[in-house]
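# Mind folding the following:
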Amino acid sequence: MLERECQRNIELIWLTGHLVPDFKTIADFRKDNGKAIREVCRSFVALCRELDLLSEASVAIDRGVEVLATLIASPGAARIFAGRLRSV
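Residues are numbered from 1 along each chain as shown. All right, here's what the predicted structure looks like:
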């Protein structure tokens, strides 16, 4: 999915400097940087808690779930998304 997004998502194209990593490059990056990626996720959750953006004690992230931009832009999207996370 990330490989595909690097080809079509204008923000990612800009961020990657027009580089289009293949699946193996992305997989190797995740394997080689797993500890740092986990720490960034922990820091992100801590920041969300500090800003009082979380109402539950736990957060679950499923890398296989895609959240559509229309859901994020719709009223009440945070409540819907949080409900889906709780049901996982």
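
# May I ask which helix or strand encompasses Gln7?
Take DSSP states H and E as the rule and Gln7 turns out to sit in helix 2-8.

# Return the helix or strand in the protein with minimum mean pLDDT.
Every helix and strand of the chain was ranked by mean pLDDT, DSSP states H and E. The lowest is helix 69-73, at a mean of 49.

# For the helix holding Gln7, the averaged confidence score.
The average of the pLDDT scores along helix 2-8 is 82.

# can I have that helix written out in CSV, keeping just the CAs?
Coordinates of each C-alpha in helix 2-8 appear next as CSV, following Å, rounded to 0.1, in the frame of the first residue of the first chain:
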residue,chain,number,x,y,z
LEU,A,2,2.8,2.4,0.9
GLU,A,3,4.5,1.7,-2.5
ARG,A,4,1.3,2.6,-4.3
GLU,A,5,0.8,5.7,-2.3
CYS,A,6,4.3,6.9,-3.2
GLN,A,7,3.2,6.8,-6.8
ARG,A,8,-0.1,8.6,-6.5
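
# Give me the next element, helix or strand, following it.
Heading C-terminal from helix 2-8, the first helix or strand you meet, by DSSP H and E, is helix 10-15.

# And the helix or strand following that next one, what does it pack against?
Beyond helix 10-15 in the direction of the C-terminus, DSSP H and E gives the next helix or strand as helix 23-32. Using 3 or more CB pairs under 8 Å, 6 or more residues apart in numbering; DSSP states H and E as the contact definition, the elements that helix 23-32 packs against are helix 2-8. For glycine as for every other residue, the C-beta is placed from the backbone atoms N, C-alpha and C.
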